[in-house]
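S.K.: Got a sequence here, can you build the structure:
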Amino acid sequence: MATVNVEETDQGVILRIDGRFDFNLHGDFRDAYESVLREGEPSKFIIDMAGTEYMDSSALGMLLILRDRLGCNSDRQVIVNCNKDILEILQVSNFDKLFTIQ
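M.R.: The predicted model follows:
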């Protein structure tokens, strides 16, 4: 089962996605960042995909919704720790032009 874990740090809010990042995670992903935004505007969201084994086009859409919600500033959303396959999906989809990917 896929999960989204939230951790607030000095660098920003970390959203850790474990398992399959697909439509089944839509509600949990939205709830995770919306609960943080209700408390105030964090300086940055860090999407940690170290535990993400798969992502599909609905995950790309969820990332775009988060980006729009934060005002389209690529410095405020950083995607980290992608495996080779997920990194390729992000690059083919030109997400490396919309997000900071490390």
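S.K.: for this structure, what are the low-confidence residue spans?
M.R.: 73-74 (pLDDT under 70).
S.K.: Just the strands from it, written as ranges.
M.R.: 3-8, 13-21, 45-48, 52-55, 77-80, 100-101 (DSSP state E).
S.K.: Tell me the strands beside the second one, with direction?
M.R.: For strand 13-21, sheet partners with direction are given as strand 3-8 (antiparallel), strand 45-48 (parallel), strand 52-55 (parallel), following DSSP bridges.
S.K.: dump the residue contacts of residue 77.
M.R.: 44-45, 47, 63, 66-67, 70, 99-100 (C-beta atoms under 8 Å, 6 or more residues apart in numbering). Where you see a C-beta, it was placed from the backbone N, CA and C, and this is true even at glycine.
S.K.: Got a quick PyMOL command for the buried subset of these?
M.R.: Buried residues among these (16 or more other C-beta atoms under 10 Å), as a PyMOL selection:
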select buried, resi 44+45+47+63+66+67+70+99
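S.K.: which two in the contacts of residue 77 are spaced the farthest apart?
M.R.: 44 and 63 (14.4 Å; C-beta to C-beta).
S.K.: residue nearest the centroid of this structure?
M.R.: Per C-alpha atoms, centre = their mean, the C-alpha nearest to the average position across the chain is that of residue 47, at 3.8 Å.
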